[in-house]
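Peer 1: okay, sequence plus prediction incoming.
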Amino acid sequence: MAILVTGGAGYIGSHTVLELLNQGEEVIVIDNLRTGHRGSVVGGQFYQGDLRDRTFLNHVFEQHEIEAVIHFAANSLVGESVLHPLDYYENNLIASHTLVSTMLRHGVKKIVFSSTAATYGEPKQIPIKETDTTDPTSPYGETKLAMEKMFRWCDNAYGLKSISLRYFNAAGAHPDGSIGEDHQPESHLIPIVLQVALGVRESIGIFGADYSTEDGTCIRDYIHVMDLANAHWLALQHVRKNETSDVFNLGNGMGFSVKEVIETARKVTGHPIPESVSPRRQGDPAILIASSEKAQSVLGWKPRFNDLETIIDTAWNWHQAYPNGYEEKR
Ligand SMILES: NC(=O)c1ccc[n+]([C@@H]2O[C@H](COP(=O)([O-])OP(=O)(O)OC[C@H]3O[C@@H](n4cnc5c(N)ncnc54)[C@H](O)[C@@H]3O)[C@@H](O)[C@H]2O)c1
Ligand SMILES: O=c1ccn([C@@H]2O[C@H](COP(=O)(O)OP(=O)(O)O[C@H]3O[C@H](CO)[C@H](O)[C@H](O)[C@H]3O)[C@@H](O)[C@H]2O)c(=O)[nH]1
């Protein structure tokens, strides 16, 4: 039976597809290529199409015997969601509704879901535990939390088993340099900083230096994309074996400020990376750091790339080979 990966041509999805293939799984990928890249899908069967298209989805479910779904496809930018909330409700909530109803129509009752640290909002305590209050500060976080809740109610009513993985900040690239992070336009901190080092941009604008943190800039927990990919494989094993629904944080448990990330990138690249301070970006909490104890003890997950310099180094390796993204390899 096959595993259907939605958004498998995206950043985290493409690394997970590779992990699943390496584990011997049969993989089907659906992606509309709005932010993903055909060239990042290294195997499996690829369908270009949109999750909101019920006829297309039905067709894919009719063609294959699907055991479980790993659901990455979404709009996923905090700042953009504040400016365009309806796009987020449509592509996150409505698309997931179409996906889940199609799954259930075809008797597919297992889903591993890309949730996010943005479900917590401003944390009440650090590190954040799965049992902490969820009070999102952006429509992005709201829609992800609403999806988690929809899945839980679907377990109650129809026996849908869901594993929601709340990742913190995904970063890095495959160590062999074959796949990496390419969003057009890019809005994530580490790839932007590396684009400055490559000469693609002149400087990095820091979104706010007046937060109540030691250097005034936001603190995030950066987790390597390979560790996330491996967590999806473990989550799939867990839901296969235990047939239960659950939620897990995925992070390194260490926080780095925006300034510390820039400083580490200077060390890795040897480039001065000029910086300037711009206004705060709406929707950004000051500090997000995970407790991933639950994923470690229940799923047996162990992040392997837990050093920021190594994380940035793998990203730098990929960006040097693909300075303009997937379309033009150097
Ligand atoms: N990048 C992060 O730091 C991070 C952190 C926490 C959670 N997440 C979540 O992880 C998931 C993947 O993130 P990413 O950074 O890889 O994003 P991405 O944009 O690279 O990947 C998303 C993929 O989904 C596809 N897609 C979007 N809407 C679709 C639709 N309606 N039909 C078919 N395909 C569609 C896009 O083309 C893209 O390939 C998202 O759900 C995101 O919310 C990401
Ligand atoms: O040009 C930039 C870009 C980002 N930042 C700052 O760098 C930090 C990281 O920002 P990113 O845009 O790289 O990532 P986010 O924290 O906004 O969000 C990411 O991680 C979240 C979970 O923590 C989400 O799930 C989301 O999908 C994913 O994009 C933030 O404090 C942001 O304000 C800057 O200062 N300048």
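Peer 2: It's in. Residues are numbered from 1 along each chain as shown. Ligands and ions are numbered 1, 2, ... in the order given.

Peer 1: quickly find the element holding the residue of the chain positioned farthest from its centre.
Peer 2: Distance to the chain centre peaks in the chain at residue 272, reaching 28.9 Å (criterion: C-alpha atoms, centre = their mean). Residue 272 belongs to no helix or strand when assigned by DSSP states H and E.

Peer 1: do residue 36 as well
Peer 2: Here residue 36 is assigned to no helix or strand, by DSSP H and E.

Peer 1: relative to residue 258, how far out is the residue farthest from the centre of the chain?
Peer 2: 16 Å (C-beta to C-beta, to the nearest Å). To be clear about C-beta, it is placed using only N, CA and C from the backbone, and glycine gets the same treatment.

Peer 1: check whether the one helix or strand in the chain whose mean pLDDT sits lowest comes near ligand 2.
Peer 2: Sorting the helices and strands of the chain by mean pLDDT, DSSP states H and E puts helix 78-83 at the bottom, at a mean of 94. Yes. For helix 78-83, a contact with ligand 2 is found by C-beta under 6 Å from any ligand atom, at residue 78.

Peer 1: any buried residues in that helix, and which?
Peer 2: Across helix 78-83, burial judged by 16 or more other C-beta atoms under 10 Å covers 78-82.

Peer 1: next: stretch 305-312.
Peer 2: 305-306, 308, 311-312.

Peer 1: is it up against ligand 1 anywhere?
Peer 2: No. Using C-beta under 6 Å from any ligand atom, stretch 305-312 stays clear of ligand 1, coming no nearer than 12.0 Å.

Peer 1: can you tell me if that stretch touches ligand 2.
Peer 2: No. With C-beta under 6 Å from any ligand atom as the criterion, ligand 2 is not reached by stretch 305-312; the gap is at least 12.5 Å.

Peer 1: which residues sit against that stretch?
Peer 2: 171-172, 190, 194, 222, 224, 226-227, 252, 254, 256, 260-261, 264-265, 267-268, 314 (C-beta atoms under 8 Å, 6 or more residues apart in numbering).

Peer 1: in helices, which of the residues you listed fall?
Peer 2: 190, 194, 226-227, 260-261, 264-265, 267-268, 314 (DSSP state H).
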